[in-house]
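In: my questions concern the predicted model and sequence given below.
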Amino acid sequence: MDEIKVTGLLVRANHGVYDFEKEKGQKFVLDITLFVSTQRAGLTDDLSATINYGEVARFAQQEFTRVSYDLIEAAAENLAISILKKFSMVNSVEITVSKPEAPIEIPFTNVSVTIRRKWHKAYLSVGSNIGESETILERAAGELADNIAVRSLRRASVYKTKPYGYEDQPDFTNSMWEIETVLTPVELLRVCNEIEAKEGRTREIHWGPRTLDIDIVYYDSLTMNTESLTIPHADMENRLFVLEPLNELAPSFKSPRTGKTAAEMIKELNERA
């Protein structure tokens, strides 16, 4: 991937833990690297085929000063996400925020934070069988779409399905959502759990009734297995309520665990029935 860099961008802003930093402000230096294909612009000499670095610089200055943060980590995170949302051609972005006037009592040259962020595609299986389930799913989708670190939420149709595992409970309303996010899998899980909690989700019975369930099925082509998170989602190959809406949204995507599409897994599941 090619790179467009804007380095040494001087900005005066009011970020810092101390009151005097927020009141008086101080100098910050921004180094921005945009990872983007420049080949079409190189072949055509057409500005519309690339990123206008002057526009990036102006946008970065405005966004970096728009809100006052305690931490330069937060300022960098907001700027990276804002640039990715503003400039859709950018595949990923690296931001270094330098704070050369940081209130440190011993001699130093600079304090800086460098982060790199990009869009990741994730598929989320969602379900509910307590309360007004379709309304709950609609509200949860809105919560997720409003998250600063999420864009491009697509939803499959709503499916009415029988309960899986623990059968002594009402039928479920299920769907699948496709999102683009800069969140890591662990942070995405945290956000999903927070949305579930807002809807009163409890976990008294394994596979039991719930107001809202949001599971990460795929995250790019990642495979991981930790105590708190397994991707692709464990046992998804045996769950039609996951596979059918997944096939609707991503018919050609192959599981990084099995190498099979949702349609192939559905066919095998039906053959075993």
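Out: That came through fine.
In: where do the strands sit along this structure?
Out: 3-13, 26-35, 92-98, 112-118, 120-128, 150-155, 159-161, 172-181, 213-219, 224-225, 230-231 (DSSP state E).
In: and residue 177, how close does it get to residue 143?
Out: The gap separating residue 177 from residue 143 is 12 Å, by CB to CB, to the nearest Å. Any C-beta I mention is one placed from the backbone N, CA and C, and that applies to glycine too.
In: neighbour count for those two, which is higher?
Out: residue 177 (23 against 15; other CB atoms under 10 Å).
In: next, count neighbours for the closest residue to the more buried one other than its chain neighbours.
Out: Excluding the flanking residues, the one nearest residue 177 by CB to CB, 6 or more residues apart in numbering is residue 124, at 4.6 Å. For residue 124, the neighbour count with other CB under 10 Å is 25.
In: ok, the one 10 residues further on next?
Out: Under the neighbour criterion other CB under 10 Å, residue 134 is assigned a count of 13.
In: can you tell me, leaving aside adjacent residues, what's nearest to residue 213?
Out: residue 127 (4.7 Å).
In: quick one, what contacts that neighbour?
Out: The neighbourhood of residue 127, defined by CB atoms under 8 Å, 6 or more residues apart in numbering, consists of 161, 172, 173, 174, 175, 210, 212, 213, 241.
In: same list (the residues you listed) but as JSON lines, adding neighbour count, distance to residue 52 and pLDDT.
Out: Listed next are those as JSON lines, based on neighbours: other CB atoms under 10 Å; distance: CB to CB, whole Å; pLDDT from 0 to 100:
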{"residue": "161", "neighbour count": "17", "distance to residue 52": "49", "pLDDT": "83"}
{"residue": "172", "neighbour count": "21", "distance to residue 52": "48", "pLDDT": "88"}
{"residue": "173", "neighbour count": "20", "distance to residue 52": "45", "pLDDT": "92"}
{"residue": "174", "neighbour count": "26", "distance to residue 52": "44", "pLDDT": "94"}
{"residue": "175", "neighbour count": "22", "distance to residue 52": "39", "pLDDT": "96"}
{"residue": "210", "neighbour count": "23", "distance to residue 52": "48", "pLDDT": "75"}
{"residue": "212", "neighbour count": "23", "distance to residue 52": "42", "pLDDT": "92"}
{"residue": "213", "neighbour count": "21", "distance to residue 52": "44", "pLDDT": "91"}
{"residue": "241", "neighbour count": "21", "distance to residue 52": "46", "pLDDT": "90"}
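In: just name the closest of those residues to residue 139, please.
Out: Nearest to residue 139 among the contacts of residue 127, counting by CB to CB, is residue 212 at 8.9 Å.
In: for stretch 87-97, buried residues please.
Out: Residues 87, 90, 92, 93, 94, 95, 96, 97 are the ones in stretch 87-97 that count as buried (16 or more other CB atoms under 10 Å).
In: from those, which is closest to residue 268?
Out: Nearest to residue 268 among the buried residues of stretch 87-97, counting by CB to CB, is residue 92 at 36.3 Å.
In: gap between the spatially closest residue to the closest one that is not a sequence neighbour and residue 253?
Out: What sits nearest to residue 92 in space, not counting adjacent residues and going by CB to CB, 6+ apart, is residue 118, at 3.3 Å. Distance, residue 118 to residue 253, by CB to CB: 19 Å.
In: what's across from the nearest residue to residue 112 once chain neighbours are set aside in the sheet?
Out: Leaving aside its chain neighbours, residue 112 sits nearest to residue 98 (4.2 Å; criterion: CB to CB, 6+ apart). Beta bridges link residue 98 to residue 29, residue 112, judged by DSSP bridges.
In: heads up, I number from 575, so please use that
Out: All set: I'll call the first residue 575, so the last point we hit is now residue 672.
In: residue contacts, residue 672?
Out: Contacts of residue 672 by CB under 8 Å, 6+ apart are 602, 603, 604, 605, 684, 685, 686.
In: what's the ChimeraX line that selects buried ones from those?
Out: Buried members of those, defined by 16+ other CB under 10 Å, are picked up in ChimeraX with:
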select :602,603,604,605,686
